[in-house]
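Engineer: turn this into a structure:
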Amino acid sequence: MPVQFKTKFVEKNLPKDKRIPILIKWGKKFGEIGIAPETKGNLSFRTKSGFIITGTGTTIGDLKPEDFVEVTKIEKKNKKFVVYCKGRIVPSMESVFHKEIYNFRSEINAVFHLHDKPVLEVADKLKIFCTEKEQIPGSYSLVKEIRKLLEKRRGIDYLIIQNHGIISLGKTLTEAGKLVTLFHRKAKEVK
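Structural biologist: Got it, this is the predicted structure:
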């Protein structure tokens, strides 16, 4: 079951950051090479007050400034979450795992989650670390599974979510994006 969260908008203005156009360009690139099908995947980067992330139902290959929201805080109350944000769109259902990664890896400033089928098909040959168990997308179990892998394999910047997709981490948007395209190219060469 996906993470249940309530969105509380602390501000309705669109987030402004000079890196949003860069993220839009990466999304377009991922769409062009076929690893951002329809509304699957999410992209984010760290800000001073949280992180900017694509909203629910956005098309990664065709992003616009209104497709972003800034998550400023996530609180866990009982078994549900409250996500506080600035913007006009509900943040991605994967926002909780983005927050978990930013909390765990202070040097990481960009998290890209995509559905790169060629990489998933040859992950073993490429020796890419993978979560141990398949979990429901957007679930808190998935958040814990990703955290477990990051704790076990400290310092990895590219990983597979079993039977789901990839996560690329970077100190910059460019670093995270280049890792995505590098592994995509390698997967195509192996096939």
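Engineer: how much space separates Asn42 from Ile60?
Structural biologist: 8 Å (Cβ to Cβ, to the nearest Å). Glycine gets a C-beta too; all of them are placed from N, C-alpha and C.
Engineer: who's more crowded, those two?
Structural biologist: Set side by side, Asn42 and Ile60 show more neighbours around Ile60, with 28 against 24, by other Cβ atoms under 10 Å.
Engineer: that one touches Leu43, doesn't it?
Structural biologist: Yes. With contact defined as Cβ atoms under 8 Å, Ile60 counts as touching Leu43 (6.6 Å).
Engineer: and for these two, which residues touch both?
Structural biologist: 27, 54 (Cβ atoms under 8 Å, 6 or more residues apart in numbering).
Engineer: look through this structure and tell me its longest strand.
Structural biologist: strand 68-77 (DSSP state E).
Engineer: buried sites along it?
Structural biologist: 68-72, 74 (16 or more other Cβ atoms under 10 Å).
Engineer: which of those lies closest to Gln135?
Structural biologist: Checking these against Gln135 by Cβ to Cβ gives Ile74 as the nearest, at 18.5 Å.
Engineer: isn't the closest one right up against Val83?
Structural biologist: Yes. Assessed by Cβ under 8 Å, Ile74 is found in contact with Val83 at 5.3 Å.
Engineer: mind listing residues that contact the longest helix along the chain?
Structural biologist: If you go by DSSP state H, the chain has its longest helix at helix 173-190. The contact list for helix 173-190, computed with Cβ under 8 Å, 6+ apart, reads 19, 22-23, 26, 29-30, 33, 35, 45, 109-112, 114, 116, 118-119, 121-122, 125-126, 128, 157-158, 166, 168-170.
Engineer: I appreciate the help and will end here.
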